[in-house]
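J.: fold the following, please.
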Amino acid sequence: MVISKVGIEVVDAHAHFFTYETIKRWLDSGVSLNRIQQRVAHNTDMGSLTIPDENWDAGQMWKDELDKYGISAIGMMISSEVWDEFNATRKRFPGRFMGYANIDPASDDAVDLVKRAGKDGFQGIKLYPSSGNYNVYEEKVYPIYEEALRQKLLVILHFGITIGATANLRFGNPLDIQKPAQDFPDLNFMIAHFGAGFFREVLMLMYQTHNVVMDTSGSNSWMIYQPYDLTITKIFEKSLKAGSACRIVFGTDSSFFPRGFRYNILEEQFNAVRSICPQLCYSDDDIDLIFRGNILRLTGFKPA
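T.: Presented below is the predicted three-dimensional model:
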């Protein structure tokens, strides 16, 4: 058992495996480096973005980060251009990395990629409806759910706001997943970032569904865009009342270096959960569910 710096075993359910190839793809698509730097400076807590070079060993760097902070394992969102490098990382460091394949339903090979994710031993897939301009209940998305169920993959969804102004919030409402969740009762769905601004809607889904959970990842800066005051402690209070500990999954949304693992997110959220116990978390087992147990149950992953 690996014990983290906050004193418990931790599995980070939500992070991103970005490499030199990731940045290269962005730049090749016409996005300017200056624009990326500005978005990072104004919309994240990174301050600045260090552009990796082709000699970076992202897998080793992440493994070192996990060891530094005592994190048992971490779940990574994977784009096609880093798929092979990530698979090599998983083989080098078994039991430390979960994989979630980014899937675009508009791609002709979308279902094939879901199948490949299952065959390669990934734990889930990621859908981004507000960036892809589609509704998650559209007919074209259902074959993806069907294949995810066959491959026993968790379906992760980013609704709500995102970095920059390109996302289409008409497709950003988590309530859209209610119908697929009902149509696929044996498939598990995880909504990222507490709904990223659609927190009320996620809480209602806790009542209307049994197979939808929320993840806690990121700084959750969407709170400042609400018409009422929220804190991370208040968010956990309401989430525990609506969904109980078994419906909340810890994540950091870690991505780039030199920032690396976002320990400040872990520390802030752990302290928030601790502060409302034992009123709402009835035992250490509930805390373990949030910071480790739930994601392992949802994915079947076994850390090293």
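J.: contacts, neighbours, all on C-alpha from now
T.: Fine.
J.: pLDDT weak spots in the stretch 201-304 of the chain?
T.: Scanning the stretch 201-304 of the chain for pLDDT under 70 picks out 281.
J.: okay, strands next: where are they in it?
T.: Using DSSP state E, counting those that start in this stretch, the strands of the stretch 201-304 of the chain run over 212-215, 248-249.
J.: who touches the longest one?
T.: Around strand 212-215, the neighbours that count as contacts under C-alpha atoms under 8 Å, 6 or more residues apart in numbering are 13-14, 181, 188-195, 202, 205-206, 247-251.
J.: please repeat the previous calculation with a cut-off of 7 Å.
T.: 188-194, 206, 247-251 (C-alpha atoms under 7 Å, 6 or more residues apart in numbering).
J.: now do stretch 114-127
T.: 98-104, 144, 147-148, 151, 153-158, 299.
J.: recalculate using a threshold of 8 Å.
T.: 77, 87, 98-104, 144, 147-148, 151-158, 299-301.
J.: and the buried ones among the residues you listed, selectable in PyMOL?
T.: With 16 or more other C-alpha atoms under 10 Å as the criterion, this PyMOL line picks the buried residues out of those:
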select buried, resi 77+87+98+99+100+101+102+103+104+144+147+148+151+152+153+154+155+156+157+158+299+301
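J.: between all of the contacts of strand 212-215, which two are separated the most?
T.: M206 and G251 (18.6 Å; C-alpha to C-alpha).
J.: of the two, give the one with the bigger neighbour count.
T.: Neighbours were counted for M206 and for G251 using other C-alpha atoms under 10 Å; G251 has more, 28 against 19.
J.: quick check: the closest residue to that one other than its chain neighbours vs D112, distance?
T.: In space, and not counting its chain neighbours, G251 is closest to S217: 4.1 Å by C-alpha to C-alpha, 6 or more residues apart in numbering. Separation of S217 from D112 (C-alpha to C-alpha, to the nearest Å): 28 Å.
J.: which of those two has more neighbours?
T.: S217 (24 against 13).
J.: and among the strands of the stretch 201-304 of the chain, the most buried is which?
T.: Highest mean neighbour count of the strands of the stretch 201-304 of the chain: strand 248-249, a mean of 28 (counted as mean count of other C-alpha atoms under 10 Å).
J.: what helices or strands is that one leaning on?
T.: Counting contacts by 3 or more C-alpha pairs under 8 Å, 6 or more residues apart in numbering; DSSP states H and E, strand 248-249 packs against strand 212-215, helix 294-299.
J.: in helices, which of the contacts of stretch 114-127 appear?
T.: Among the contacts of stretch 114-127, the residues falling in helices (DSSP state H) are 87, 144, 147-148, 151, 299.
J.: ok, which pair from the residues you listed is furthest apart?
T.: N87 and I144 (21.7 Å).
J.: how far does stretch 221-235 stretch from one end to the other?
T.: 12 Å.
J.: tell me which residues in it are buried?
T.: Within stretch 221-235, judged by 16+ other C-alpha under 10 Å, the buried ones are 221-223, 232-233, 235.
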